[in-house]
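[1] Okay, predicted coordinates and the sequence, questions at the end:
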Amino acid sequence: MDRATFKRMQDSTAADWKVIAGEFMPYAAKLPDRLFDHLRLLAGDYGGFPIDRLAHCLQTATLAHRDGRDEEYVVCALLHDIGDTLGSWNHPDVAAAIVKPFVRPEYHWMVAQHGVFQGYYFFHHLGMDRNARDQFKDHPNYALAEEFCAKYDAPAFDPAGETLPLEFFAPMVRRVFAQPKQSLYRDAKPLE
């Protein structure tokens, strides 16, 4: 296997980047598999909730799918809490960073802000302002995030609720994550 030869980035060459770029595409193509592995880490993690975090993600996506939402939306619903393991204090930011290159800006915003919108249902129990979401009342995606939490995220803690398996959503994730819509690297030219 060829490897780049530089020791400092500023010493890299086009030949080095040809090697790196050749490795990147196969690695990037496996992103859905890494997402599935990471979602599976949520299995068995109840955090005090009636269902584990994986079941919550699956149930949220199931509700969105059954309601006829498009694939990008359903994938956002599936991944909205994927950041729980690594971003305990900012999980929406983690999930939003993951979906950002692959979904519409309004869906990215919905995922990024779902924590404060979901807070409407419980912040007051923690001595917090349940209306914190109102800081975004004039934002064009306010209604989208409000609806996401009301219809899909908040009701998805039901031990008896329909919960489609991860395998059901796998083809959707693969399609949505097949090609970024926006990325710093999207327009990079192939090296010859």
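    Thanks, I have the structure now. Numbering: from 1, shown residues only.
[2] So W17 sits against A4, correct?
    Yes - under the criterion of C-beta atoms under 8 Å, W17 is in contact with A4, at a separation of 7.5 Å. Where C-beta positions appear, they are placed from N, C-alpha and C, glycine not excepted.
[3] In terms of helices and strands, where is the residue nearest to L79 when sequence neighbours are not counted?
    Among residues not flanking L79 along the chain, A95 sits closest, at 5.5 Å (C-beta to C-beta, 6 or more residues apart in numbering). Using DSSP states H and E, A95 falls within helix 91-99.
[4] neighbours of the residue nearest to L79, just the number please.
    If you count neighbours by other C-beta atoms under 10 Å, A95 ends up with 25.
[5] do V111 as well
    A count of nearby residues for V111, using other C-beta under 10 Å, gives 28.
[6] Can you list the buried residues in the helix or strand following the helix holding A95?
    Next in sequence after helix 91-99, counting helices and strands by DSSP H and E, comes helix 105-118. Neighbour-count burial for helix 105-118, counted by 16 or more other C-beta atoms under 10 Å, picks out 107-118.
[7] Kindly provide the distance from Y46 to G119.
    Distance from Y46 to G119, counting by C-beta to C-beta, to the nearest Å: 20 Å.
[8] Show me where the chain dips below the pLDDT cut-off.
    Scanning the chain for pLDDT under 70 picks out the ranges 1, 189-192.
[9] 90 instead?
    Within the chain, the ranges that satisfy pLDDT under 90 run 1-2, 4-5, 16-25, 182-192.
[10] can you pull out the helices in it?
    Taking DSSP state H as the criterion, the chain carries its helices at 14-29, 31-40, 53-66, 71-79, 91-99, 105-118, 142-148, 166-176.
[11] Show me what the third one is in contact with.
    By that I understand helix 53-66. Helix 53-66 is touched from outside by 39-40, 42-47, 49, 51, 73-75, 77-82, 84, 151-153, 155-158, 161-166, 169, with contacts defined as C-beta atoms under 8 Å, 6 or more residues apart in numbering.
[12] Then the fourth one?
    Judged by C-beta under 8 Å, 6+ apart, the contacts made with helix 71-79 from elsewhere in the structure are 35, 39, 57-58, 60-61, 63-65, 69, 95, 98-99, 102-104, 107, 110-111, 148, 152-153, 169, 172-173, 175-177.
[13] CA atoms only: put it into PDB for me.
    Extracted in PDB, the C-alpha atoms of helix 71-79 (Å, rounded to 0.1, in the frame of the first residue of the first chain):
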ATOM      1  CA  GLU A  71     -35.900  10.300   3.000                       C
ATOM      2  CA  GLU A  72     -33.700  13.200   4.100                       C
ATOM      3  CA  TYR A  73     -36.200  14.000   6.800                       C
ATOM      4  CA  VAL A  74     -36.500  10.400   7.900                       C
ATOM      5  CA  VAL A  75     -32.700  10.000   8.000                       C
ATOM      6  CA  CYS A  76     -32.500  13.200  10.100                       C
ATOM      7  CA  ALA A  77     -35.100  11.700  12.500                       C
ATOM      8  CA  LEU A  78     -33.000   8.600  12.700                       C
ATOM      9  CA  LEU A  79     -29.800  10.400  13.400                       C
END
